[in-house]
Structure formats: C-alpha cells, structure tokens
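[1] Just a sequence and a predicted model for now, questions to come.
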Amino acid sequence: MNKPTETRPIEPLRRFPDAAEDQAKWERQRDTPQTLSPSYRLAFADPDFLKREELRAVRLQLELLKPELAMIERGIVSTVVIFGGARVPDPEHIERARAPGLVPLAHYYDEAREFARLVTLKSLGSDCRENVICTGGGPGVMEAGSRGAREAGGCSISLNIVLPHEQVPNLYGTPELSFNFHYFGIRKMHFLLRAKAVAVFPGGFGTLDELFETLTLIQTRRMAGMPILLFGEAFWRRIINWDALVEAGTISPPDTHLFRFVETAAEAVALMDDWPGPTGLAG
C-alpha cells in the first residue's frame, strides 16, 4: 500500500526582484543630479506622486486594500459594529462633559462598554475571528466599545479618520487592527463589509450618517438584513419622528421594523441571538 505523499506549501516562483529589494537598491545609489531628481524616484516609493490629484483612484484602492488584507491575514470573518457619539462622557469623568445635555447620556458609555464585553466573550470562542467589535476608534462611545472588548480579553477593530478635532485614537483598541482613513466612503464600507450586527448609541451628525446609510442599504436590499439596535428609545424618538416619515409616505410602515430599540447591553445581546433569519451572534 502506497504511503500518502506529504504535501508542502508551494512557494511562488520568483523571476524578478520584489519591490522592497528594488527600493533598497535605489536608496543605496550614490547621489547625483539625476538620482536626486523627483522624476527618478520609483513610482510606488514617491509620496508626492501618490498624492497627485490624478492618483485619487489609486489612493481609494489602497485604503480599501490595506485594512482588508490585514483582516484577512488575521482571519477575521465577522464583526459587530458600534456607532455612537464621540462626545458621550465616561461617567467616571462626568465633569469633562462638553455640554450639560451630555450628562444624561453618560450611562450609554457604560452600556457600550458592557455590550462590547459581552459580545467579545462570545468572540473568544472563535479565537477572535467571529463577532469582533468594530468601532471608529475615537473617544466617547467608541472608546467604551474598544475598552469593553479589551476588558473581556479580546481584540477590537478601530477605523479612525483624519479630522481636525475629536477623532484622536483611544488607547484601548488593538494596535495591529487600528486603521486610519482619508476617505469617509471607504471607511464606511469597511464598517459594513463584515458586519453581523450594528449597535447605535446616541450621537451627532456622524452617528446619524452611519445609521441612515446602514438602513438605506438594507431598505434598498443592497445589503442583507442584520440586527440594527438603537440604544435609548427616548433619545431616538425625540430626534427622529419615524411615524411622521410613514405618514408622509417617504418610508413604508415595514421600514420601521428594520431596527429595534434597546436599553441595556444584556437586552441587545439577547435580541441579536433571537433576530429572525441567519443573522445574530449564534448564526
């Protein structure tokens, strides 16, 4: 009886030097008027060239590919996304609230932290490949999400973006899964590419933008349905008159069933498990 042949990984045949080797050779060249000219730089190693207006399409591709390849290499299959206000204060530092109206919202920091902790405890069973917490990586609710994941002993994804204020990365996100973006559109795409559920806490323009883009994609069936959980029914009903949209005919009555209101982290996790269809954390 023939013994099974041992299989070994096949290494790709290399006929040409790779980019890193060529860049290293270029950097070792002696300085001359020609080698010092920007025109002589290798195109992929020329930041001035890559930032040209005509290269926007290339930069969009790079922002799509860099986080995607990192998550593939890490084996991340699915995420649970947390959206919410950067200004929501940690109750332990309530004195730092930027406006009086933020004080009643502080408990959502704790709920986001607990929600991320509970979800991450489930994620640990897959070696942090399934149901990985994904936030914007900034302060407020985003910090709470990253913090809860870390306290559970798991990892979290941070999708930050360059802004003139507020969006400084918090210190709880997993460093090797922390990404920085130039383009809002590509960042929002990464939020939803692996999303298995979306939890939305009180927030401002950014949170509303993320919520309504998610609802629009599901409403128009450009994306499969999933649990969309709005924390704080009183807050959401006060700022958005859902019934008025139905009465005006601008949305249909079933559209108001695309999401559910929740108040606590435990309630949210239970609802995700019972969500109809092949979604939820147990799916």
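    Structure received. Numbering: from 1, shown residues only.

[2] So which residues of the stretch 151-283 of the chain form helices?
    Under the criterion DSSP state H, counting those that start in this stretch, helices of the stretch 151-283 of the chain are mapped to 184-193, 205-219, 233-239, 242-248, 265-273.

[3] and the gap between residue 181 and residue 66?
    Relative to residue 66, residue 181 is positioned 10 Å away (C-beta to C-beta, to the nearest Å). In short, each C-beta sits where N, CA and C put it, glycine included.

[4] Quick one: residues in contact with the one helix or strand residue 72 maps to.
    The secondary structure element spanning residue 72 is helix 56-74 (assigned by DSSP states H and E). With contact meaning C-beta atoms under 8 Å, 6 or more residues apart in numbering, helix 56-74 is reached by 50-51, 129, 157, 159, 176-177, 179, 181-183, 186-187, 189-190, 193-194.

[5] if you set the cut-off to 7 Å instead, what comes out?
    Helix 56-74 is touched from outside by 50, 177, 179, 181-183, 186, 190, with contacts defined as C-beta atoms under 7 Å, 6 or more residues apart in numbering.

[6] farthest pair in those residues?
    Greatest spatial distance among the contacts of helix 56-74 (C-beta to C-beta): 50 and 177, at 24.1 Å.

[7] what's the burial count for residue 51?
    Around residue 51 sit 11 other residues, with neighbours defined as other C-beta atoms under 10 Å.

[8] For it, which non-adjacent residue is closest in space?
    Counting by C-beta to C-beta, 6 or more residues apart in numbering, residue 59 is the residue found nearest to residue 51 once chain neighbours are left out, at 7.8 Å.

[9] And the pLDDT at the one you found?
    Listed pLDDT for residue 59 reads 97.

[10] Identify the bridge partners of residue 79.
    Assessed by DSSP bridges, residue 79 has beta-bridge partners residue 132, residue 195.

[11] re the thing from before, could you dump the helices of the stretch 151-283 of the chain to CSV with mean neighbour count?
    Supplementary listing: those in CSV, determined by neighbours: other C-beta atoms under 10 Å:
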stretch, mean neighbour count
helix 184-193, 17
helix 205-219, 16
helix 233-239, 13
helix 242-248, 12
helix 265-273, 19
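
[12] got the ones you listed as TSV, with distance to residue 101 and mean pLDDT columns?
    Shown next, in TSV, are the helices of the stretch 151-283 of the chain (distance: least, C-beta to C-beta, whole Å; pLDDT from 0 to 100):
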stretch	distance to residue 101	mean pLDDT
helix 184-193	26	96
helix 205-219	15	97
helix 233-239	11	97
helix 242-248	22	97
helix 265-273	23	96
